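In: Okay, here's the prediction I keep looking at, along with the sequence it came from:
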Amino acid sequence: MINMTTALIFAGGKSTRMGEDKSQMFGGVHRLIKQCKLSSIARIITLCGEKSRIEMFDGEVWADPEFCNSLVELVAWSISQIDDDVILIPCDAFNLQSAGIDILIKQDNCVPVDQHQQRQPLMARITNKALINWQAESINQLFSEFCNYENADFSTQFTNFNQTSDLIGRQ
């Protein structure tokens, strides 16, 4: 039996280092949703942060629960709410396209590696939740048992952009 995959798009950050709301930059979450719809994603959920941000996004949108006090808590909680396989997508995955999503969907538990050889745990592919470190204190620890997924043809798609200086090499 093939499991369906749910995409969790994380779009609730303050974007303080970027200077503007990353969820709205370069087509923003709207572009990511379109790429998910062009891929094999069955369900798309945008985690928007505060309730006041719900109206900013189309489709299925969840506000962050008040009891989640960190990103690692939010990621763990949101994964635990989904019965399907999951792919995580940060709103600053400005280079991610449907082909990159589809190549990740074909993998089992993994964390993609970008063109700088950096693991991108906020783009993890989750097929077996038993491998998640539910007591983790960081995103990296959450997926520490997941193997790296390296693919030179798609590595630029697995980049995220956290600061304005990151955008210089954006394709």
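Out: Nice, thanks for sending it over.
In: quick one: buried residues of stretch 65-75?
Out: Within stretch 65-75, the residues that count as buried by 16 or more other Cβ atoms under 10 Å are 68, 71-75. From N, CA and C alone the C-beta is placed, and that goes for glycine too.
In: Is the residue nearest to Ile126 when sequence neighbours are not counted in a helix, a strand, or coil?
Out: Spatially, and ignoring its direct neighbours in sequence, Ile126 is nearest to Val86 (4.3 Å; Cβ to Cβ, 6 or more residues apart in numbering). Assigned by DSSP: H, G, I helix; E, B strand; the rest coil, the conformation of Val86 is strand.
In: for this structure, where's the lowest mean pLDDT among helices and strands?
Out: Within the chain, judged by mean pLDDT, DSSP states H and E, the helix or strand with the poorest mean is helix 28-38; its value is a mean of 93.
In: Which residue ranges of this structure form helices?
Out: Assigned by DSSP state H, the helices in the chain fall at 28-38, 71-80, 98-105, 139-142.
In: Using TSV, lay out the ones you listed together with distance to Asn128.
Out: As requested, the helices of the chain are exported to TSV (distance: least, Cβ to Cβ, whole Å):
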stretch	distance to Asn128
helix 28-38	22
helix 71-80	12
helix 98-105	14
helix 139-142	14
